[in-house]
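Enquirer: Test case, fold it:
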Amino acid sequence: MKRLTLRTVAERRDAGKALRQQCSRLSHGKVILGQGKRDIVRLIELSNKDRMEPLIPIRHGRMLQSAFAYFRGTALIQA
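Expert: Residues are numbered from 1 along each chain as shown. Okay, here's the model as predicted:
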């Protein structure tokens, strides 16, 4: 069994600085995530396509209860 060796604070700091040379903090602001603007309502409608029609209003009602329920119900948007 291989034993895990922990790095010291100084070793971790030096490793972070070395990685920062490859990807500076300023370059993080240039990252473009996703495909631009997405129509969230359309994505939700598309996710309902194969669902049982009578259950869709129940799903939407549950999503209205809290932000957590909304994000659980719209995992497609997060992906």
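
Enquirer: And the lowest mean pLDDT element among the helices and strands of this structure?
Expert: helix 75-78 (a mean of 77; mean pLDDT, DSSP states H and E).

Enquirer: Against which helices or strands is it packed?
Expert: Judged by 3 or more Cβ pairs under 8 Å, 6 or more residues apart in numbering; DSSP states H and E, helix 75-78 is in contact with helix 40-47. For the C-beta atoms, the positions are set from N, CA and C on the backbone; glycine is no exception.

Enquirer: What lies in contact with stretch 42-61?
Expert: Residues outside stretch 42-61 that contact it (Cβ atoms under 8 Å, 6 or more residues apart in numbering) are Gly73, Thr74, Leu76, Ile77.

Enquirer: ok, so of these, who is nearest Ala10?
Expert: The closest of the contacts of stretch 42-61 to Ala10 turns out to be Ile77 (Cβ to Cβ; 41.9 Å).

Enquirer: so which of the contacts of stretch 42-61 is the most crowded?
Expert: Most neighbours among the contacts of stretch 42-61, by other Cβ atoms under 10 Å: Gly73, with 17 neighbours.

Enquirer: That residue: what's it in contact with?
Expert: Counting by Cβ under 8 Å, 6+ apart, the residues that Gly73 touches are Arg59, His60, Arg62, Met63.
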